[in-house]
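Undergrad: give me a model of this one.
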Amino acid sequence: MTLMYKTGPNQFKTEEEIERDRVKAEVEELRQQTARTLAAADRQAEKLRIFRAGLKDTPSNDQALETYFPLHLSLEAFRELITANPDLANEFEFRTKTPFAEMVQAEQEQNSEELRNRILFEECCKTAAVAGLASVAPNEANWCAVQEALANANEEITTAAVMRVLTAKVAKMTDGVPVIESRGFAPAQQDQINAWKRDKEQRERIALAKIIAEDTAPAMFMDVPTRDGQFKEEEISRAPIFKKYLNAERYPLETLRQMVRTIEDRRAHRAMPVEALRAVVKTEADKRRAALDPALPADVTPEKIRGASVEQLKKWQRMYGYQKLNDRLNGVN
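TA: Numbering: from 1, shown residues only. A predicted model of the protein is given here:
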């Protein structure tokens, strides 16, 4: 006879099941702990890249990075943040007067065609993986395979051509049966793909926040007193507004996308002639009215109404109203 132990309200398990659940819980805890350790190591590696790129390794800089990038940090996202809003550079300490001056100079010195092509390949790997089109590691072997494929096809190295090679499907014979599968590229690690996705979202958030901040405060000025007792107008930094929209918990990415779509629609409407704008307003109003007062479908015929059950009639009345059903019966519409 198997002994059963009560583990909860109306829940009983054997000793073997309890032990199995305990082991599973320990394994899951170990997995999560490992993931946290790896994430912390990746974050420290990105900080090191940022410090090497020109940011001073100071406690204040470290705290500022934690403030702006609480979830995901990368050198690329940090550069985009400073580029999108130069005023934020004042919140960090750089080794040079111009942020990333050493890095930009090094990039200019190494800006050969070979380096540009390799960077293009790596960006295509990220794009394909994030979009779910293909998983290709940006390593030397895969890069050589892509170059060989393009050379055989007599194609130049362009974004479209590289993406076509990365996402192409080829036919292979398996037990005499043709099977369509991806080329034999070494796949990217899932942790790396997840990091690419987070980085893409962070960079998109920065770009959207810049658009919203510029639209919210296209030009803000305040009177600043001068030494001679007079006042002069000075432009106010948009940094606080920009910083607000970087808060992922308060402003989800989809919320920012919708805000930018609204801004773009408003700008497009401002550029329209008056008559065209009136037509757009009328169309939108008609759509809203139609949603509130839907038309009775054409397939709801008088014969169908007469033969409908009581429940079906009630449902139609709730959706379309009694008057529309009555008009259809009388041949009015």
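
Undergrad: flag every buried residue along the host helix or strand of residue 122.
TA: For residue 122, the element it lies in under DSSP states H and E is helix 113-130. By neighbour count on 16 or more other Cβ atoms under 10 Å, the buried set for helix 113-130 is 117-118, 120-122, 124-130. Any C-beta I mention is one placed from the backbone N, CA and C, and that applies to glycine too.

Undergrad: and for stretch 320-327?
TA: By 16+ other Cβ under 10 Å, the buried positions in stretch 320-327 come out as 320, 324-325.

Undergrad: likewise for stretch 91-102?
TA: 92, 94, 99-100.

Undergrad: neighbouring contacts of stretch 201-221?
TA: 69, 71-72, 74, 76-77, 80-81, 84-85, 233-236, 238, 241-242, 245-246, 248, 253, 256-257, 259-260, 263 (Cβ atoms under 8 Å, 6 or more residues apart in numbering).

Undergrad: which residue ranges of the stretch 151-300 of the chain form strands?
TA: Remark: strands assigned in the stretch 151-300 of the chain by DSSP state E, counting those that start in this stretch are 169-174, 177-182, 221-225, 231-235.

Undergrad: lowest mean pLDDT across these, which one is that?
TA: Confidence, taken as mean pLDDT, is least for strand 177-182 of these (a mean of 49).

Undergrad: which of the buried residues of stretch 320-327 lies closest to residue 306?
TA: Nearest to residue 306 among the buried residues of stretch 320-327 is residue 325, at 10.7 Å by Cβ to Cβ.

Undergrad: show the contacting residues for the closest one.
TA: 296, 300, 305, 313, 316-317.

Undergrad: and the helix or strand where it lies, how far out from the chain middle?
TA: Assigned by DSSP H and E, residue 325 belongs to helix 322-329. Taking Cα atoms, centre = their mean, to the nearest Å, one finds the center of helix 322-329 at 48 Å from the center of the full chain.

Undergrad: with just CA atoms, put that helix into PDB.
TA: What follows is helix 322-329, C-alpha atoms only, in PDB (Å, rounded to 0.1, in the frame of the first residue of the first chain):
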ATOM      1  CA  TYR A 322     -35.400  46.600 -32.400                       C
ATOM      2  CA  GLN A 323     -36.000  49.300 -35.100                       C
ATOM      3  CA  LYS A 324     -33.500  47.900 -37.500                       C
ATOM      4  CA  LEU A 325     -35.000  44.400 -37.300                       C
ATOM      5  CA  ASN A 326     -38.500  45.800 -37.800                       C
ATOM      6  CA  ASP A 327     -37.400  47.900 -40.800                       C
ATOM      7  CA  ARG A 328     -35.800  44.800 -42.300                       C
ATOM      8  CA  LEU A 329     -39.000  42.800 -41.900                       C
END
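
Undergrad: hang on, the earlier thing: now, the contacts of residue 325 that are in helices?
TA: Residues of the contacts of residue 325 located in helices (DSSP state H): 305, 313, 316-317.

Undergrad: please, a PyMOL command that selects the buried ones among those?
TA: Buried members of those, defined by 16+ other Cβ under 10 Å, are picked up in PyMOL with:
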select buried, resi 305+316
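
Undergrad: between the ones in helices among the contacts of residue 325, which sits nearest residue 141?
TA: Of the ones in helices among the contacts of residue 325, the one sitting nearest to residue 141 (Cβ to Cβ) turns out to be residue 316, at 64.8 Å.

Undergrad: what segments of the stretch 151-300 of the chain are helices?
TA: Along the stretch 151-300 of the chain, the stretches classed as helices by DSSP state H, counting those that start in this stretch are 159-167, 190-216, 239-244, 253-270, 274-292.

Undergrad: the second one - what's its average pLDDT?
TA: Going back to what we said before, that points to helix 190-216. Mean predicted confidence for helix 190-216 is 87.

Undergrad: check stretch 260-273 too.
TA: 89.

Undergrad: list the contacts of residue 88.
TA: 68, 81-82, 239, 242-243.

Undergrad: nearest to residue 23, of the residues you listed?
TA: Taking those together and measuring to residue 23 by Cβ to Cβ, the closest member is residue 68, at 40.9 Å.

Undergrad: so what's the residue count around the closest one?
TA: 19 (other Cβ atoms under 10 Å).

Undergrad: pretty sure it contacts residue 246?
TA: Yes - at 6.1 Å, residue 68 counts as touching residue 246 under the criterion of Cβ atoms under 8 Å.

Undergrad: identify the contacts common to these two.
TA: residue 81.

Undergrad: helix or strand with the lowest mean pLDDT in the protein?
TA: strand 177-182 (a mean of 49; mean pLDDT, DSSP states H and E).

Undergrad: residue 74: neighbouring residues, count only.
TA: Neighbours of residue 74 (other Cβ under 10 Å): 21.

Undergrad: tell me who's in contact with it.
TA: 46, 49, 195, 199, 202.

Undergrad: most neighbours among the residues you listed, which one is it?
TA: Busiest of the contacts of residue 74 [other Cβ under 10 Å] is residue 202, holding 24 neighbours.

Undergrad: nearest to residue 271 among the buried residues of helix 113-130?
TA: residue 127 (31.8 Å).
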